[in-house]
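S.K.: I would like to see how this sequence folds:
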Amino acid sequence: MARMVPVVLKNLFSRPATRRYPFETRAPFPGARGRLTWNAAACDFCGDCQRLCPAACLEVRRETKEIVHDPFHCIYCHLCAEGCWQGAITVENVYFKPDYCKAAHTYTPAIQP
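M.R.: Residues are numbered from 1 along each chain as shown. Just a heads-up that it's a prediction; the model follows:
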């Protein structure tokens, strides 16, 4: 019991060991797995990203020219970005906050006049 009292007092009057998460965020470190972005204008909708994805979170719809990405199923391995020959999928080293809405993101090419 005598050995525990100094530890309790030290923890009682010291700062917490963790960050106050929603208020304090840290900068992403090099090599962190960030958010995926698509350049739909560069994509030829070949479906290689869909075949390479181990989590099956991508769906390429060739007839409607859409790519559907479900971020809640994605494991952010970035195999889709590495396997994209056109360079349409890129990885941003950006911290993004968690989301409560389980919605898939749909990417379509911009319509050019």
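S.K.: Look at the residue nearest the centre of the chain and report its pLDDT.
M.R.: Nearest to the geometric centre of the chain sits Arg35, at 3.6 Å (Cα atoms, centre = their mean). We have a pLDDT of 84 for Arg35.
S.K.: who's it bridged to?
M.R.: Per DSSP bridges, the residues bridged to Arg35 are Glu92.
S.K.: Next one: it from Pro16, what distance?
M.R.: 28 Å (Cβ to Cβ, to the nearest Å). All C-beta atoms are positioned from the backbone trio N, CA, C, and that covers glycine.
S.K.: rewinding a little: just confirm the residue nearest to the centre of the chain contacts Val91, I think it does.
M.R.: Yes. Counting by Cβ atoms under 8 Å, Val91 is a contact partner of Arg35 at 7.4 Å.
S.K.: So Arg51: helix, strand or coil?
M.R.: With DSSP: H, G, I helix; E, B strand; the rest coil as the basis, Arg51 sits in helix.
S.K.: swap in Leu9?
M.R.: helix.
S.K.: Likewise for Thr90?
M.R.: Counting by three-state DSSP, the backbone at Thr90 sits in strand.
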